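1. sequence first, then the predicted structure:
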Amino acid sequence: MLTEENRRIAQRFKEVEEENKDFANRYIEVEEQNNNLANLYVASYQLHSTLDFREVIQIVQEIVINLIGAESFAILLLDEKTNELKTIASEGEDVMPGIEALSTRLGDGILGSVAKTGESYYINQDLEDGGKVTLDKPLAAVPLKIKEHVIGLVVIYKLLQQKDSFSAVDYELFSLLAAHAATAIFSSKLYSQSERKLNTIQSFLDLLTTTS
Amino acid sequence: MALDNANFLVVEDSPTMRQLISFSLKRFKNARILEAVDGVDALKKLSGPDKIDLILTDINMPVMDGLKLVSLVRQNAQLKNIPIIIITTEGAEEDRERGLALGANAYISKPIQSSHLIKTISELLAV
């Protein structure tokens, strides 16, 4: 009778232990989600805090370094007239020389096809040649897109020394950040263009009023 | 030192990182967060009327970097006992050793995990 009771208690103890483990794992998951939500909140807040194009690009760079953990990367924008992707900002040129002047046509190579299809690329999807990173074959390339409209790319060549690889949540976070970055870049670009046009029109009006 | 009502000084040139760290620190009840953009700005804040309980500093900053700040704080009789956490992209072991040798109490590499930062602060302030 006592043995039966002991066995039952031992079984229950084991079950509670399993439940505790499950709770601990879920706690870690929730903590991770919290961390990502905080990152996303701060990043989107910063990205939409200005309409100055250079400032937006600077914020995107800060985010890619501090939140994604990249050491060497480039931000490329698509010129819709020429269908060419060109570097507009980069970091870690000593690690990957040439990233400061990347230029590729829409649809060409990995970078061109990411811009064309709007689908992110990660090197671990393609390990045929040992995953060697080159200018044309980065560690990751994430499209900057507004809905289905791609305006550029964030291309990562090397992660910080302390970050071995992308974690599962990084992929999601990276895509969400890229979406925020895209709208911020696009709005600031439109704003600076309209400011320029406004200045031109104003100068023209000034000229007309002074000559008449 | 109680974890509640603590005064933190966040020294970081990147506004994004400053906001992210400050956001994490809000988990401490009634936390008061002062921000500085470089070492010189931090020293000004440290000589102000607010008593700082913990400093969180980046290394790479213009004007005065984080390592110089750590060294100056440790040489100052009034400030030398304030716990300091270095938060940086420099992840090499020699960088960590250098930071700790200068007198930092903890060294956290970016990208930071909020839970890790909170745990480190809790340990330092609970002493």
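-> Arrived safely, thanks for sending. Only a predicted model underlies this, so the values are computations on that prediction, with no experimental measurement involved. Numbering: from 1, shown residues only, chains lettered A, B, ... in the order given.

2. in the lengthiest helix in chain B, what counts as buried?
-> Longest helix in chain B, counting residues (DSSP state H): helix B:114-126. Judged by neighbour count using 16 or more other C-beta atoms under 10 Å in any protein chain shown, the buried positions of helix B:114-126 are B:114-115, B:117-118, B:120-121, B:124-125. In short, each C-beta sits where N, CA and C put it, glycine included.

3. residue A:141 is in contact with residue A:110, correct?
-> Yes - if you go by C-beta atoms under 8 Å, residue A:110 and residue A:141 touch, sitting 6.2 Å apart.

4. what segments of the chain are helices?
-> I'll assume chain A. Under DSSP H, chain A gives helices at A:2-47, A:53-63, A:109-117, A:168-211.

5. wait, chain B
-> Counting by DSSP H, the helices of chain B are B:15-25, B:39-46, B:66-75, B:93-101, B:114-126.

6. and of those helices, who's closest to residue A:82?
-> Set against residue A:82 and scored by C-beta to C-beta, those come closest in helix B:15-25, at 32.1 Å.

7. what's the angle between that closest one and helix A:53-63?
-> Between the axes of helix B:15-25 and helix A:53-63, defined by axes from the mean of the first three to the mean of the last three C-alpha atoms, to 10 degrees, the angle is 50 degrees.

8. contacts for helix B:15-25, please.
-> The contact list for helix B:15-25 (C-beta atoms under 8 Å, 6 or more residues apart in numbering or on different chains) reads A:38-39, A:41-43, A:45-46, A:59, A:62-63, A:66-67, B:8, B:10, B:12, B:31, B:33, B:35, B:37, B:56, B:58, B:87, B:110, B:112, B:114, B:117-118, B:121.

9. in the chain, where is pLDDT below threshold?
-> Because you didn't say which chain, this covers chain A. Applying pLDDT under 70 to chain A flags the ranges A:1-2, A:124-131, A:212.

10. look at chain B instead
-> B:1-2, B:127.

11. number of residues surrounding the residue in chain A positioned nearest to chain B?
-> As assessed by C-beta to the nearest C-beta, chain B sits closest to residue A:162 within chain A, at 3.1 Å. Using other C-beta atoms under 10 Å in any protein chain shown, residue A:162 has 18 neighbouring residues.

12. ok, now which ones touch the closest residue to it other than its chain neighbours?
-> Ranked by C-beta to C-beta, 6 or more residues apart in numbering or on different chains and with sequence neighbours excluded, the top spatial neighbour of residue A:162 is residue B:91, at 3.1 Å. When contacts are counted by C-beta under 8 Å, 6+ apart, residue B:91 touches A:160-163, B:109.

13. now, of the residues you listed, which are buried?
-> A:160, A:162-163, B:109.

14. most widely separated two among those residues?
-> The farthest-apart pair in the buried ones among the contacts of residue B:91, when distances are taken by C-beta to C-beta, is A:163 and B:109, at 8.3 Å.

15. can you work out which residues contact both of residue A:110 and residue A:141?
-> residue A:121.

16. who's in contact with residue A:75?
-> A:57, A:60-61, A:64, A:87-90, A:144, A:152-155.

17. kindly recompute the last result at 6 Å.
-> Residues in contact with residue A:75 (C-beta atoms under 6 Å, 6 or more residues apart in numbering or on different chains) are A:88-89, A:154.

18. what number of residues lie near the closest residue in space to it that isn't next to it in sequence?
-> Residue nearest to residue A:75 in three dimensions, not counting chain neighbours: residue A:89, with 4.6 Å by C-beta to C-beta, 6+ apart. For residue A:89, the tally of surrounding residues (other C-beta under 10 Å) stands at 18.
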